[in-house]
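Colleague: can you look at this prediction? I've put the sequence above it.
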Amino acid sequence: MSFIIRQLKKYLFFEEPEKRERFILRPGARPADEEGSGSFEKAKEKKKAESEKAPEPGDEVKSDIDANLTHMKDVYSIPVNSDIVLREFDITYGCRTVRAFIIFFDGMTNTEVINNYILKPLMVDSVMPLKDTAENLEGYVMRQLMPHCQVNISRGYKKAVEAVNFGGCALFVDGLSVCFTADVKGWDHRGVEKPNNEIIIKGPQEAFNEVLRTNCAQIRKRLKDEDLIVEDILVGRVSRTPCSILYIKDVANEALVQEIRRRLEGISVDYMLDAGELEQLIEDSTVYPSPQVISTERPDYTAELLVSGRVAIIVDGSPNVLVVPITAFDLMHSPEDNYIRFPYVNLLRYIRYIAGFLALLLPGLYVAITNYHHEMIPTDLLLAIEASREKVPFPSLVEILLMEISFELIREAGLRVPGPIGPTLGIIGALILGQAAVAANIVSPVLIIIVALTGIGSFAIPNYSLAYSVRIMRFGFIFLGALAGFLGITVGLFMIGSWSTALKSFGVPFMSPFGPKTSGRYKNVIFRAPEWKMEERPDYLNPKKKRKQAEYSMKWKHGKRKGEQD
Amino acid sequence: MKRTVVYLRIGCCLLLLIMSLALSGCYDQREIDEMAYPLAVGLDVGRANILRMTLQLAAPLSIGGGGGGESGGGGGGAGGKPVSVITVDTPSIYSGLNMVNNVISKEINMSHAKVIVISRKLAEKGISKYIQAMMRGREFRPDMFIVVTDDPPDVYLREVSSVLESNPAKYYELLLGKDYSSYYPEARIADFHHAIERLDIEPTAVLSGINPKESVEEIDMMGKTGEHYLDEGRYEAGNVPAVSELKNVAMGTAVFRGGKMVGTLNGIESVCFQMVTGRYNHSYWTIPDITGSGNVIVMNVVQRKRPKTTVEMKDGKPYITVRLDLEGDYTSIQSTLEHEKYPEAIENKTIEVIRENVTTFLRRTAEEFDSDICGLGRFMKGKFLTWDEWEKFDWPSHYRNSEFNVEVKFKIRRTGLIIRLMMPELSAAPRVASGSVKGGWLCRYSHGPW
């Protein structure tokens, strides 16, 4: 009983909310307070310490090869596990023979590399006389017998196992309490192809693929900047999925990078397989409908966003790269906006906003107007709607839900349907929606226009995830419109608006630069200024370098021509 | 425990929101097809009760083109009459709506009524109480047109047959809202209501009526007086010499004082009325030729600037000066005289005609109607410091003594001088021979019926 009274009290009386300071991206490259200060140096030291760290007790590689052999067999469940390869052989060291073995996964590694650059030197070339007799066995193997570019020495099993799991090859030699790991990845993967979902007409036509380093290289080859940092973090207790944080060292705010590091390190899951999963694990609000992270498959767009001071996260095995932080307006930008002339961009942006508005509100407005605000409709249209609805047996709410749901059905079915059947489904859908439903007096023809416009509008939204959120919210607005007409729609807009202004994406207010007003509101937010006017990076990102263009970016327009007199 | 509290809280908020919306919202939700939309309302003196109300209801199936596959997307008006007319005798407008709802199945919604038609008999008895009732009701549009007719509104509304439009609403909007001839004012119910309440202006309405003539012989019977032409603006709604399928004619203005109708203005007076109020658009004025030959010159007169009006009080009499600034183009010159060469003479003649008409009109409003429909009192109001002084001054009692001075400025802007005749064979013959583009164009024409 007292519990219920306590609960009721909670709802009826104001209670000071629990103070929870979330991350806020503050101006200044190095804030005086705790976290962000010198975070880059700290990260550097941490990585260094990690690489030099002695293995935990019980994890050290033994000098006895048999012990190592047993341990590795145990770890990889040999011989039950069939794709693991363990190859034993002998190395000649001076005048004695030393036992050794390598272990790697078949299919994940390039066997040709292993044969030619690891096995062959070790087994064949080791018979050649020692160049430097003073060299010990460890140095001899490392410096002379492994002509491969990426070889590391590790003193613990854990690291060796990690390397083998990710397409490496581990070499154990008798008498050495270290193991050598060589990076011989060679699994089959997709090449660099055209983007499938973010299609543009002008501009680069390359997309990310599933290989982490290829993706990093795609960005690096565009930026050509030594200050572009690719910082690796392993996410997932079991899967240890390599993720890279990409940022430009002298542009991105350190506090932001530190926050992303913190969030990625603070993920405790067994397996993390895709960027989509990671997005959900690091975003600020789970239930807010629209995405708070840009997920793109275009390296050129990622590079552009990095230049502005944002941070990208690449997940190995995912062709989508996450970019943070973003604002609501970034979701309405398309990668193409940078490549076409500014009058065209402004036209397209304008159309996109109209499309978003239609996709979000049109069905709700239709229901609101036809149910509550008859005086708003021109008389001719009113009578036409009345005539067309005369034989429809359902209220307009049911009618529009019916059509919206069948449209969503077609859309979902269209995704799942096997390729060759696709056109058939289109025809069936068009027939059902367009002709038969009207002829059978199940829906009115005016409604078909509404639903079609809504559908087209939602496809014109450049961000795929945003289109999802608009689809969800549309149903909310239909109900609100049916409940209370324009009042309901206004209440809905008000709620979405206040929610959006309260939201932050990685410390940046989601509605900035309008939510809190900052400068540069008319540069590249809703409309776009000409290319030469894009002088500053977005203020709300608080980057280390404010400007990205000189004041006169078109120097050729100023100054004198050759031979011109004063 | 803590999580459940959060969920409970969210749940409660949602519940409250949905409940408040659902309870306060849905009650006035109506589907379009559950409503009947009158396009016009007629008010007359009742026989069985105080008021006779006529509603002209839109029949959506014949206007909107039928539902579903049956009409096959054909044009409107396929299935019978576009409107249905209902007449009831009732004590008041709203009780009349109640009564109509007993007759028809759908709920009456007045939000698309375009016009209110009032019989002259009722107008002369006073209509301010009905106008106020309508302005108070949320459903009535404030931009409804207000029309006064000599004929009973139930007859009038039954006669309305729009031939050029499928929808009578469009007919009303085009006839009464868009002004092509200026022979009747644009009278909206909000303005009418406003004018009833104000001291410095009196209301007006469009004068309309049924033209009963069925054949040209009936026009013949109207006869003609004298040798000279009759100015086209001299008619009022009922007596226009025209025969047409469309029986409803709008011409002239109904003049009110307070809520009561006191007289009518004919077409040309309505033009003057709009000139003085500054709402004049354009119209053709027929001016007698300066040669005195019985020919006329037709002038398209437009208002260049809003009129400048001043009111002076001298010896307790308002002296009102109206300065009209007009311009015009020749539209037709009947005599062979090269009028392009004598614009001043024609201008002076036009000024004379217009000034005479406007002065006569203004005198009529003061002496005959005692009703300041032009709102000239506005220019007097500015001379008082407080509202009480202005109320005490009592403008309506002074208006009847007004002296009018009308000054007209008129300039002919485009003389319509014809430089080259447009006869293709004659003027373009050498061009055809030279094979120019324009010649080719004319050449094609010359193969035609010419």
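Modeller: It's in.
Colleague: in this structure B:Arg414 contacts B:Glu327, no?
Modeller: No - using C-beta atoms under 8 Å, B:Arg414 is not in contact with B:Glu327, being 9.1 Å away. Placement of C-beta: from N, CA and C, glycine included.
Colleague: of the two, give the one with the bigger neighbour count.
Modeller: B:Glu327 (18 against 11; other C-beta atoms under 10 Å in any protein chain shown).
Colleague: so that one, which of the three states?
Modeller: What DSSP: H, G, I helix; E, B strand; the rest coil gives for B:Glu327 is strand.
Colleague: ok, now which ones touch it?
Modeller: B:Glu327 makes contact with B:Val301, B:Val302, B:Arg304, B:Phe410, B:Lys411, B:Ile412, B:Arg413, according to C-beta atoms under 8 Å, 6 or more residues apart in numbering or on different chains.
Colleague: partner strands of the lengthiest strand in chain B and their direction?
Modeller: As assigned by DSSP state E, the longest strand anywhere in chain B is strand B:296-314. Using DSSP bridges, strand B:296-314 pairs in its sheet with strand B:282-288 (antiparallel), strand B:317-333 (antiparallel).
Colleague: and the ones you listed, which one averages the lowest pLDDT?
Modeller: Comparing mean pLDDT over the strands paired with strand B:296-314, the weakest stretch is strand B:282-288, at a mean of 84.
Colleague: nearest spatial neighbour of the residue of the stretch 351-450 of chain B found nearest chain A, skipping sequence neighbours?
Modeller: Using C-beta to the nearest C-beta, the single residue of the stretch 351-450 of chain B nearest to chain A is B:Gly375, 29.0 Å away. Excluding its sequence neighbours, the residue lying closest to B:Gly375 (C-beta to C-beta, 6 or more residues apart in numbering or on different chains) is B:Ile201, at 3.5 Å.
Colleague: go on, A:Arg471?
Modeller: With sequence-adjacent residues excluded and distances taken as C-beta to C-beta, 6+ apart, A:Arg471 is closest to A:Ser458, at 6.1 Å.
Colleague: same question, A:Gly107
Modeller: Excluding its sequence neighbours, the residue lying closest to A:Gly107 (C-beta to C-beta, 6+ apart) is A:Asp83, at 6.0 Å.
Colleague: could you check the pLDDT of that neighbour?
Modeller: Per-residue pLDDT puts A:Asp83 at 90.
Colleague: ok, now which ones touch it?
Modeller: Taking C-beta under 8 Å, 6+ apart as the test, what A:Asp83 contacts is A:Phe105, A:Asp106, A:Gly107.
Colleague: and for B:Val103?
Modeller: Applying C-beta under 8 Å, 6+ apart, the residues near B:Val103 are B:Ile86, B:Val88.
Colleague: ok, now which ones touch the residue in the stretch 451-566 of chain A that chain B sits nearest to?
Modeller: Closest to chain B within the stretch 451-566 of chain A is A:Ala484: 3.2 Å, counting by C-beta to the nearest C-beta. Contact analysis of A:Ala484 by C-beta under 8 Å, 6+ apart lists A:Tyr372, A:Val491, B:Leu21, B:Ser24, B:Gly25, B:Cys26.
Colleague: from the contacts of A:Asp83, list the buried ones, please.
Modeller: Buried subset of the contacts of A:Asp83 (neighbour count, 16 or more other C-beta atoms under 10 Å in any protein chain shown): A:Phe105.
Colleague: format the contacts of A:Asp83 as CSV; extra columns: secondary structure.
Modeller: Output for the contacts of A:Asp83, formatted as CSV (three-state DSSP):
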residue, secondary structure
A:Phe105, strand
A:Asp106, coil
A:Gly107, coil
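Colleague: just to be sure, B:Lys129 is in a strand?
Modeller: No - judged by three-state DSSP, B:Lys129 forms no part of a strand; its state is helix.
Colleague: can you give me the helices for the stretch 51-200 of chain B?
Modeller: Here the stretch 51-200 of chain B has its helices, by DSSP state H, counting those that start in this stretch, at B:60-63, B:93-103, B:120-125, B:128-136, B:153-159, B:168-172, B:189-197.
Colleague: touching chain A at all, the last one?
Modeller: If I follow you right, that is helix B:189-197. No - if you take C-beta under 8 Å from any C-beta of the partner chain as the test, helix B:189-197 misses chain A, and the best it gets is 14.5 Å.
Colleague: and A:Gly309, which of the helices of the stretch 51-200 of chain B is closest to it?
Modeller: Evaluated with C-beta to C-beta, the helices of the stretch 51-200 of chain B place helix B:189-197 nearest to A:Gly309, the distance being 56.7 Å.
Colleague: low pLDDT regions in the stretch 401-550 of chain A?
Modeller: By pLDDT under 70, the stretch 401-550 of chain A contains no weakly predicted segment.
Colleague: chain B contacts on that one?
Modeller: Proximity of the stretch 401-550 of chain A to chain B, by C-beta under 8 Å from any C-beta, involves residues A:Val438, A:Ala439, A:Asn441, A:Ser444, A:Leu480, A:Ala482, A:Leu483, A:Ala484, A:Gly485, A:Leu487, A:Gly488, A:Val491.
Colleague: now, of these, which are buried?
Modeller: Taking 16+ other C-beta under 10 Å as the criterion, what is buried in those is A:Val438, A:Asn441, A:Ser444, A:Leu480, A:Ala482, A:Leu483, A:Ala484, A:Gly485, A:Leu487, A:Gly488, A:Val491.
Colleague: now render those as CSV, adding secondary structure.
Modeller: Formatted as CSV, these follow (three-state DSSP):
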residue, secondary structure
A:Val438, helix
A:Asn441, coil
A:Ser444, coil
A:Leu480, helix
A:Ala482, helix
A:Leu483, helix
A:Ala484, helix
A:Gly485, helix
A:Leu487, helix
A:Gly488, helix
A:Val491, helix
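Colleague: show me the two of those residues that sit farthest apart.
Modeller: Applying C-beta to C-beta across those, the maximum distance is between A:Asn441 and A:Val491, 33.4 Å.
Colleague: and the strands in chain B?
Modeller: B:35-36, B:38-45, B:51-58, B:83-90, B:107-108, B:115-119, B:145-149, B:204-210, B:248-257, B:260-265, B:282-288, B:296-314, B:317-333, B:403-414.
Colleague: how does chain B divide up, domain by domain?
Modeller: Using automatic domain parsing, the domain ranges for chain B come out as B:32-217+B:228-265, B:278-419, B:420-450.
Colleague: report the residue ranges of every domain in chain A.
Modeller: As assigned by automatic domain parsing, chain A contains the domains A:65-183, A:212-326, A:344-509.
Colleague: those: which one's closest to B:Thr360?
Modeller: Closest among those, once you apply C-beta to C-beta, is domain A:344-509, at 39.6 Å.
Colleague: excluding sequence neighbours, find me the nearest residue to B:Met134.
Modeller: B:Phe140 (4.4 Å).
Colleague: B:Thr331 now?
Modeller: Leaving out its chain neighbours, the residue that sits closest to B:Thr331 by C-beta to C-beta, 6+ apart is B:Val298, at 4.4 Å.
Colleague: and that neighbour, bridged to which residues?
Modeller: B:Thr286, B:Ser332.
Colleague: how near is it to B:Gly46?
Modeller: Distance check for B:Val298 against B:Gly46: by C-beta to C-beta, to the nearest Å, it reads 46 Å.
Colleague: where does the stretch 151-300 of chain B have low pLDDT?
Modeller: Within the stretch 151-300 of chain B, the stretches with pLDDT under 70 are B:162, B:178-181, B:223-230, B:233, B:237.
Colleague: count of neighbours near the closest residue to chain A within it?
Modeller: Nearest residue of the stretch 151-300 of chain B to chain A, counting by C-beta to the nearest C-beta: B:Ala169, 4.1 Å away. Neighbour count of B:Ala169, defined by other C-beta under 10 Å: 26.
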